[in-house]
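Trainee: 3D model of this:
(one chain, ligands or ions: 1)
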Amino acid sequence: MSTMSVRSQERPSGRPLSVGVIGAGRVGAVLAARLREAGHEVVAAAGESDASRERAAALLPGVPLLKPSAVARASELLLLTVPDDMLPNVVRVLADSGAIREGQVVAHTSGRHGLAVLAPATAAGARAIALHPAMTFTGTEVDLGRLAGCVFGLTAGAGERELAEQLVAEIGGTPMWVPEEMRTLYHAGLAHGANHLVTLVSEAMEMLTAAGAADPAGTLRPLLQAALDNALANGDAALTGPIVRGDVRTVAAHLDDIAAKAPDTLPTYVAMARATLDRAVTDGRVLPIQARKIARLLDDVAWAAPRRTTNPVNHQ
Ligand SMILES: NC(=O)c1ccc[n+]([C@@H]2O[C@H](COP(=O)([O-])OP(=O)(O)OC[C@H]3O[C@@H](n4cnc5c(N)ncnc54)[C@H](OP(=O)(O)O)[C@@H]3O)[C@@H](O)[C@H]2O)c1
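Mentor: Here you go, the predicted model:
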């Protein structure tokens, strides 16, 4: 196992790095497997749970599972792929124990964190990189194919920029530079889109199931794929449906039936309808008089507890 350091400014072209990964979670096992495919030597991984052990066996066969400090000592490129909230403590403990050394490359994959969280490592002379794949991971081989073209939100100092871009290229991704002070907002944007989309789609499937659809996913798939493509291409201009058409009675009927038949989804429907209405008003795509009627309907739901009944005629 090599304990060389990686020279500032560049990695000697063609020389593989010894890579260590703490821990072998969904992201760590997959990125390490990809770096291995790219010719680097994955020398050790850390992970104690059954899930991490199974992932390491599947994606990193033959790689020994060691204690985090041993992984750090064995590697030139140390990937820290632990939960965001654990990252500060993991970096501090590794640095305090002397497991981080000068010239070592220490990279984490958190979207929210930038370089500040790696300060104890840089104080020990390490070269810090924040390298966040804008992708959702399953921790299986399926993810390897998804890395092609995946954007990586990068933050690094001038001396590490070339190396960071090189690593992303080897992984098959596309680099995007994110200023340190913008990382949290960058990550919030991704989470709002990807995580809340999962909630939205799950609730839509729940409503369709309650409506008797035999295949809610199959029913939604073509519609949602078209809506996603249109929204990504055209933003707010992609909006169709009762709110932007000003179909007040349809919105009122939705609220009634959701309250009666799928009440758990009502708060999200109301919150999303409000946001949709606000954006349509700002866009000038819904008449103010209709917007006021819809806003009143939504306000009434907010005041009604626990369930509401809406008579659309009273709101006209
Ligand atoms: N999941 C995604 O889709 C995704 C996408 C982009 C970026 N990320 C980022 O990637 C990082 C890892 O996320 P993940 O989803 O891969 O997490 P994960 O699947 O929960 O895996 C976390 C790994 O860290 C280990 N670990 C936990 N606490 C530790 C500690 N105190 N010391 C040492 N190792 C520890 C775990 O080991 P045990 O299993 O033994 O506990 C496990 O191997 C996070 O910063 C996350 O924001 C995740």
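Trainee: Leaving out chain neighbours, which residue sits closest to residue 172?
Mentor: Excluding its sequence neighbours, the residue lying closest to residue 172 (Cβ to Cβ, 6 or more residues apart in numbering) is residue 148, at 4.5 Å. Quick note: C-beta positions are derived from backbone N, CA and C, even for glycine.
Trainee: likewise residue 90?
Mentor: Per Cβ to Cβ, 6+ apart, closest to residue 90 is residue 82, 5.2 Å.
Trainee: And for residue 209?
Mentor: residue 216 (5.3 Å).
Trainee: ok, the one you found touching residue 208?
Mentor: Yes - look at residue 216 against residue 208 with Cβ atoms under 8 Å: they come within range, at 3.9 Å.
Trainee: one step back: tell me the secondary structure at the residue nearest to residue 172.
Mentor: coil (DSSP: H, G, I helix; E, B strand; the rest coil).
Trainee: what's the neighbour count on it?
Mentor: Neighbours of residue 148 under the rule other Cβ atoms under 10 Å: 11.
Trainee: can you check residue 55 too?
Mentor: Considering only other Cβ under 10 Å, residue 55 is surrounded by 24 other residues.
Trainee: Likewise for residue 217?
Mentor: Residue 217: 12 neighbours (other Cβ under 10 Å).
Trainee: now swap in residue 199 and tell me
Mentor: Neighbours of residue 199 (other Cβ under 10 Å): 11.
Trainee: State whether it is indeed within a strand.
Mentor: No - counting by three-state DSSP, residue 199 falls outside a strand, being helix.
Trainee: Can you name the residues that contact it?
Mentor: residue 268 (Cβ atoms under 8 Å, 6 or more residues apart in numbering).
Trainee: still on that earlier bit, phi first, then psi, for the residue nearest to residue 209.
Mentor: Phi and psi for residue 216, reported as degrees, to the nearest 10, are phi -60, psi -40.
Trainee: I'd like to know how far it sits from residue 229.
Mentor: 20 Å (Cβ to Cβ, to the nearest Å).
Trainee: more neighbours, these two?
Mentor: With neighbours defined as other Cβ under 10 Å, residue 216 and residue 229 compare such that residue 216 has more, 19 against 11.
Trainee: Give me the distance between the helix or strand hosting residue 223 and the centre of its chain.
Mentor: Per DSSP states H and E, residue 223 falls inside helix 216-234. How far helix 216-234 lies from its chain's middle: 20 Å, per Cα atoms, centre = their mean, to the nearest Å.
Trainee: Return the list of helices and strands in contact with that helix.
Mentor: helix 183-210 (3 or more Cβ pairs under 8 Å, 6 or more residues apart in numbering; DSSP states H and E).
Trainee: Which stretches in the stretch 51-200 of the chain count as helices?
Mentor: Under the criterion DSSP state H, counting those that start in this stretch, helices of the stretch 51-200 of the chain are mapped to 68-74, 87-96, 119-123, 142-146, 161-171, 183-210.
Trainee: Summarise which helices and strands the third one is packed against.
Mentor: Translated: helix 119-123. Using 3+ Cβ pairs under 8 Å, 6+ apart: helix 119-123 touches helix 87-96.
Trainee: Now do the contacts for the closest residue to residue 204 other than its chain neighbours.
Mentor: Excluding the flanking residues, the one nearest residue 204 by Cβ to Cβ, 6+ apart is residue 220, at 5.9 Å. Applying Cβ under 8 Å, 6+ apart to residue 220 gives the contacts 201, 204, 205, 208.
Trainee: For those residues, which single residue is the most surrounded?
Mentor: Result: residue 204 is most packed of the contacts of residue 220 (other Cβ under 10 Å), 20 neighbours.
Trainee: Could I get the pLDDT score of that one?
Mentor: Per-residue confidence (pLDDT) for residue 204: 98.
Trainee: so what's it up against?
Mentor: 216, 220, 224.
Trainee: Can you tell me which residues in the stretch 51-200 of the chain are near the ligand?
Mentor: Proximity of the stretch 51-200 of the chain to the ligand (Cβ under 6 Å from any ligand atom) is limited to residues 51-52, 68, 81-84, 86, 90, 109-111, 132-133, 135-137, 139.
Trainee: Just the buried ones out of the residues you listed, please.
Mentor: 52, 68, 81-82, 90, 109-111, 132-133, 135, 137, 139 (16 or more other Cβ atoms under 10 Å).
Trainee: among the residues you listed, which two are most distant?
Mentor: Farthest apart among these by Cβ to Cβ are 68 and 135. That separation is 24.5 Å.
Trainee: In space, what's closest to the residue in the stretch 1-150 of the chain that the ligand sits nearest to - neighbours in sequence excluded?
Mentor: Closest to the ligand within the stretch 1-150 of the chain is residue 25: 1.8 Å, counting by Cβ to the nearest ligand atom. What sits nearest to residue 25 in space, not counting adjacent residues and going by Cβ to Cβ, 6+ apart, is residue 81, at 5.6 Å.
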